[in-house]
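Colleague: All I have is the shape, not the residue letters:
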């Protein structure tokens, strides 16, 4: 069973909310659901839509052809009507002009119930359930979870919608008795941060990183951490440095523009060796770009951000389940090795809803990595074998120094050549240990079998995974650790493959460039998409086949 | 604790006769008094500095220190208080550092009202970069980067702090060490954001020794009601005119709710033992 439903309308008409209700109801019935969210940078008007893909097998992406279009306005039909599948239908108000319309007289139902216009979508939800020959209680359960006391009103509206239309098709019921887990990348990163022991989250609002700010802000009282929105991203990251220096497990979140403003302070993370986790959710750039849409354009920016040279960790999870684990790993590596950890997502991963039926636990245990009773002769920047100095925090007794200047072991300013070399060497000694550590964390994952290889990273994983079944002879290598780069593993996989296709959601193939730099392998076949939209699996299938011909 | 306990091994590289020595002595005196009177704990004091001549004070004080980036004194100071409100955080900034590069942080720190102190070494010049105008430099100043003269009106940080809602606003003179030390003690003990603008000549690039010596006068001990404080703040506009009246001392003090009240726990986060529950986190996605 596989159904694709598009819900479209003006911003403010509730397409996203309605889609979420559909998605959650199907998840509760044991299905796998993917919910893609497409919205413009405005609050009212324009055109927003969601695509919900529902399947009885695991799926991780959407398509651009639909079995059902729920049209909240005529524009939805104008924009998507041509993508209705054969045998598909449009569900909407009787005023809509389109063939295949299952028409609902929303106004007269609202009149009868004496309900306001906001209940219109719930009428349509009821109608959808009837048309698909599904029972209402599952929908009502979700109403209750989402709306609490108001749920009975929504039920009334849905019931009217249900009675208004006739059955059309039958959705085969799911074989699964167990409910699946449905969540977005933003939810995963928020929960991952909580799992990692987050104390302080700081941010300035910026799409598509803002949902993490909202989610964590809402959780701060229950989970006993603190969330503050400061005056700009420079303040955010500098305050985060202070917070982490003073012992709090600290994370900041932003998108490309804010990340750019943070660049100077990232460099200070390098020299001061203050641990810090930075969540970067990419959106279409340059500059303001296409702000509510997706891209993978900041990969090399993340790998290279900050003036001067210093070690850092860059991790790019490919789906929300992985994002939880990678967030925990980002904290672990940052706090254990006192380096910058950048957690790379994008609009597509951060805001799309995915379904999973099981989880693995994080492989690492995040700790504060603070020395218990520092002695009187404590030195913050003590030279050690692995380059990691014991980290104490102010207030424990001995004085603790953190500095943006080059310094001696005590953290006092120096300008001499000997200590400049010693401290650079100390910081870079960590890299070898980080590499060993990362080897144990599946920096590279191989899916499927075949002599040919697709290479990808980040949110393209979903569409590629869904395409893999239709691409015989191809296996998929997902690179999750971008820095330190797992060069050995990547090189080995490329060298043993006949054809290699790079798939990236950007203009120039940034991972490909890093692969060439780190392994010497040059990738000729590149499937690149930079229309600010994510890949669908059909696009991957067609593109890979074309390039592999 | 004695003044000598605050000495470090680092050789001081301020110019001979630099007024920063006066400021350094004043802060040392204030800290010694407060520690000896058990009003603060030595191990809890953190100095946060920007970049510039002022910031060398990081190396000259034997306490916890955070040597930040240029203009970024207040954000780390705020972050430190968020992480651990038990710490006594004192920010040191220059006038270029605080009112040019870092002005947004200054404005919003007055609003946020975290419990910390901000001391600005205001010599009305970028000194370490060899003498360019800052926002508090007087009109008609001629420098290497402004050979045609400074035209714009100087920024009045005392008036700005008052308008932005700072709960403790004072001005000192680096050469008036005991008066300044007393202001520092009050500022550090103020529960909330405390701002002290410290006027100091720069002997190399902006020598206002005679001007300040001539026109500075002391305010009464305990500050003024807001309107009167603002009036006092506007008495001098940071221009170097004959017959200026330059008040120093406490302009205004008022207790307001502090940002740390919004923290979700009372303890420093580093000493808080967390129990994270994997099952609970996963269940949240149902």
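Modeller: Nice, I can see it. Nothing here was measured: the structure is a model prediction, and the numbers come from that model.
Colleague: any idea how far the host helix or strand of residue A:463 is from the chain center?
Modeller: Under the criterion of DSSP states H and E, residue A:463 resides in helix A:460-468. Relative to its chain's centre, helix A:460-468 lies at 15 Å (C-alpha atoms, centre = their mean, to the nearest Å).
Colleague: ok, and what's touching that helix?
Modeller: A:34, A:59-61, A:296, A:318-319, A:322, A:348, A:352, A:354, A:447-448, A:454, A:456, A:474-476, A:478, A:503-505, A:534-541, A:544 (C-beta atoms under 8 Å, 6 or more residues apart in numbering or on different chains). Using the backbone N, CA and C atoms, a C-beta is placed for each residue, glycine as well.
Colleague: and with 7 Å instead?
Modeller: A:59-61, A:318-319, A:447-448, A:454, A:456, A:474, A:476, A:478, A:503-505, A:534-537, A:540-541 (C-beta atoms under 7 Å, 6 or more residues apart in numbering or on different chains).
Colleague: Can you give the strand pairings for the helix or strand immediately after it in the chain, parallel or anti for each?
Modeller: Moving toward the C-terminus from helix A:460-468, the first helix or strand encountered (DSSP H and E) is strand A:474-479. Note on strand A:474-479: by DSSP bridges, its sheet partners are strand A:444-447 (antiparallel), strand A:452-456 (parallel).
Colleague: Out of the ones you listed, which one sits most buried?
Modeller: strand A:452-456 (a mean of 25; mean count of other C-beta atoms under 10 Å in any protein chain shown).
Colleague: related to what we said a few turns ago, inside strands: which ones of the contacts of helix A:460-468?
Modeller: A:447, A:454, A:456, A:474, A:476, A:478, A:503-504 (DSSP state E).
Colleague: Could I get the contacting residues of residue 75?
Modeller: Because you didn't say which chain, this covers chain A. Taking C-beta under 7 Å, 6+ apart as the test, what residue A:75 contacts is residue A:47.
Colleague: let's do chain B instead
Modeller: Here residue B:75 is in contact with A:235, A:238-239, A:242, B:105 (criterion: C-beta under 7 Å, 6+ apart).
Colleague: Nearest to residue B:161, out of those: which one, please.
Modeller: residue B:105 (12.6 Å; C-beta to C-beta).
Colleague: Looks to me like that closest one is in a strand.
Modeller: No: checked against DSSP: H, G, I helix; E, B strand; the rest coil, residue B:105 lies outside a strand; its state is helix.
Colleague: Give the closest residue to it in space, chain neighbours not counted.
Modeller: Closest residue to residue B:105 apart from its sequence neighbours, by C-beta to C-beta, 6 or more residues apart in numbering or on different chains: residue B:74 at 4.0 Å.
Colleague: Do me a favour and get the backbone dihedrals for that neighbour.
Modeller: Backbone torsions of residue B:74, given as degrees, to the nearest 10, read phi -70, psi -40.
Colleague: now swap in residue A:408 and tell me
Modeller: phi -90, psi -170.
Colleague: Could you report the separation of it from residue A:379?
Modeller: Applying C-beta to C-beta, to the nearest Å, the value for residue A:408 to residue A:379 is 9 Å.
Colleague: One more: residue B:66?
Modeller: 16 Å.
Colleague: Which one's more surrounded, the two?
Modeller: Taking other C-beta atoms under 10 Å in any protein chain shown, residue B:66 and residue A:379 do not tie; residue B:66 has more neighbours (30 against 18).
Colleague: so which two of the contacts of residue B:75 are the farthest from each other?
Modeller: A:242 and B:105 (11.6 Å).
Colleague: Of these two, which one has the most company?
Modeller: residue A:242 (33 against 29).
Colleague: Might one say that that one is in contact with residue B:76?
Modeller: Yes: using C-beta atoms under 7 Å, residue A:242 makes contact with residue B:76 at a distance of 3.2 Å.
Colleague: The stretch 151-286 of chain B: strands as residue ranges?
Modeller: B:168-173, B:194-199, B:216-218, B:246-253 (DSSP state E, counting those that start in this stretch).
Colleague: Equivalent analysis for the stretch 301-450 of chain A, please.
Modeller: Using DSSP E, counting those that start in this stretch, strands in the stretch 301-450 of chain A cover A:312-315, A:340-346, A:353-356, A:401-403, A:444-447.
Colleague: I'd like those as a markdown table, with mean pLDDT appended.
Modeller: Shown next, in a markdown table, are the strands of the stretch 301-450 of chain A (pLDDT from 0 to 100):
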| stretch | mean pLDDT |
| --- | --- |
| strand A:312-315 | 98 |
| strand A:340-346 | 98 |
| strand A:353-356 | 97 |
| strand A:401-403 | 98 |
| strand A:444-447 | 98 |
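Colleague: Of the ones you listed, which is nearest residue A:206?
Modeller: That would be strand A:340-346 among the strands of the stretch 301-450 of chain A, by C-beta to C-beta, at 12.8 Å.
Colleague: The closest one close to chain B?
Modeller: No: on the criterion C-beta under 7 Å from any C-beta of the partner chain, strand A:340-346 is out of touch with chain B, staying 14.8 Å away.
Colleague: Residue B:66 sits in which helix or strand?
Modeller: Per DSSP H and E: strand B:64-67 holds residue B:66.
Colleague: Can you tell me what sits against that strand?
Modeller: A:242, A:245, A:394, A:399-405, B:45-49, B:55, B:58, B:76.
Colleague: Quick check: which ranges of the chain have low pLDDT?
Modeller: Looking at chain A here, since you left the chain open. A:177 (pLDDT under 70).
Colleague: domain ranges for it?
Modeller: A:2-164, A:182-356, A:444-548 (automatic domain parsing).
Colleague: which one of the ones you listed has the most crowded surroundings?
Modeller: Buried most deeply of those, by mean count of other C-beta under 10 Å, is domain A:182-356, with a mean of 24.
Colleague: What is the least confident helix or strand in chain B?
Modeller: helix B:278-283 (a mean of 91; mean pLDDT, DSSP states H and E).
Colleague: Who are the packing partners of that helix?
Modeller: helix A:185-195 (3 or more C-beta pairs under 7 Å, 6 or more residues apart in numbering or on different chains; DSSP states H and E).
Colleague: following the helix it packs on, which helix or strand comes up?
Modeller: strand A:200-203.
Colleague: what's the angle between the next helix or strand after that following strand and strand A:340-346?
Modeller: Using DSSP H and E, the helix or strand that follows strand A:200-203 in sequence is helix A:210-223. Helix A:210-223 runs at 120 degrees relative to strand A:340-346, counting by axes from the mean of the first three to the mean of the last three C-alpha atoms, to 10 degrees.
Colleague: Thanks again, I'm all set now.
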